[in-house]
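**Student:** generate coordinates for the sequence data below:
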Amino acid sequence: MGILDDLKRGIKPGISVFEALTWLAEFEGVTMAQAAAWLHDQDGADHLSPVLIRWDRQEFGPSRRELASDADRDETRKLIRAGLDFAVSYPRDDIDRSAMKAWDMVGWLRDDFWKFVSDRGVSLDANLFPEIDQCPTFLQAAFSLDGKGTIASPPEKKALPVSANETLGERERSSLQKQVAALALVLAEKHNRYRKGDRPNANQIADAVDEILAALPDARTHGVSKTSIRETIRTGIALLE
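**Tutor:** Below you'll find the model as predicted:
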């Protein structure tokens, strides 16, 4: 333990408007526009206290800076409402991050956001989050951690814990992500159902995989949730481009 560890523990992670819409859409199986419309109807911009998001990937990742005055908070809420309106009217299902650049720098405290949507009927499960540091703190107890701080399989899944010699390096992980993306491209080429525009439809592919795995008795499904599959396909596609 040291100063850096204390600083990391002391910073409450933030979640930008863009991130919030992306995660909410994936968890609920809706488009980002539909997620934005729901947040708008729930008055999320008014009920949640806004923060500025600071990206520092080498140190703390997405953190936050709280706004000092009521005037600053009111102006930021207006910006967030404008972002939700923009997302609702966006012409495509998936919104480019570059199109919402301004709304990648404002948002809410991560725990506050997930508590807000959970209280309004969104079903959350720790296993929906690929990494423990992406999970709200009130769900992190559902993860079990090994001595190295990496995620081990939850006992109810009956999966074996990840051992040290099974941990993937960045090169191996990237290679597997590209392989999954290549398979998704082949599937999209052969079947229109799994294509959206000129790209694989990650949602449809993930749903189909989930149906197959659900039919397998005693399948070790930890790590292959619909969210993980969608994220792997999208990351792999980005690596191929």
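
**Student:** what are the structural domain limits within this structure?
**Tutor:** 3-124, 168-240 (automatic domain parsing).

**Student:** in JSON lines, list those along with mean neighbour count.
**Tutor:** All C-beta spots, glycine's among them, are computed from the backbone N, C-alpha and C. Compiled in JSON lines, the domains of the chain are given as follows (neighbours: other Cβ atoms under 10 Å):
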{"stretch": "domain 3-124", "mean neighbour count": "17"}
{"stretch": "domain 168-240", "mean neighbour count": "15"}
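
**Student:** using PDB, write out every CA atom in the lengthiest helix in the chain.
**Tutor:** With secondary structure taken from DSSP state H, the chain has its longest helix at helix 170-190. Output of helix 170-190 as PDB, limited to C-alpha atoms (Å, rounded to 0.1, in the frame of the first residue of the first chain):
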ATOM      1  CA  GLU A 170      -2.400  -8.300 -24.200                       C
ATOM      2  CA  ARG A 171      -1.100  -9.800 -27.500                       C
ATOM      3  CA  GLU A 172      -3.000 -13.100 -27.000                       C
ATOM      4  CA  ARG A 173      -6.200 -11.200 -25.900                       C
ATOM      5  CA  SER A 174      -6.100  -9.000 -29.000                       C
ATOM      6  CA  SER A 175      -5.500 -12.000 -31.200                       C
ATOM      7  CA  LEU A 176      -8.500 -13.800 -29.800                       C
ATOM      8  CA  GLN A 177     -10.700 -10.700 -30.100                       C
ATOM      9  CA  LYS A 178      -9.700 -10.300 -33.800                       C
ATOM     10  CA  GLN A 179     -10.500 -14.000 -34.300                       C
ATOM     11  CA  VAL A 180     -14.000 -13.600 -32.800                       C
ATOM     12  CA  ALA A 181     -14.500 -10.500 -34.900                       C
ATOM     13  CA  ALA A 182     -13.500 -12.400 -38.100                       C
ATOM     14  CA  LEU A 183     -15.900 -15.200 -37.300                       C
ATOM     15  CA  ALA A 184     -18.600 -12.600 -36.800                       C
ATOM     16  CA  LEU A 185     -17.800 -11.100 -40.200                       C
ATOM     17  CA  VAL A 186     -18.200 -14.500 -41.800                       C
ATOM     18  CA  LEU A 187     -21.500 -15.000 -40.000                       C
ATOM     19  CA  ALA A 188     -22.700 -11.600 -41.100                       C
ATOM     20  CA  GLU A 189     -21.700 -12.300 -44.700                       C
ATOM     21  CA  LYS A 190     -23.600 -15.600 -44.800                       C
END
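
**Student:** give me the distance from the helix or strand just after that helix to the chain's centre.
**Tutor:** Heading C-terminal from helix 170-190, the first helix or strand you meet, by DSSP states H and E, is strand 195-196. Remark: strand 195-196 is offset 21 Å from the chain centroid, using Cα atoms, centre = their mean, to the nearest Å.
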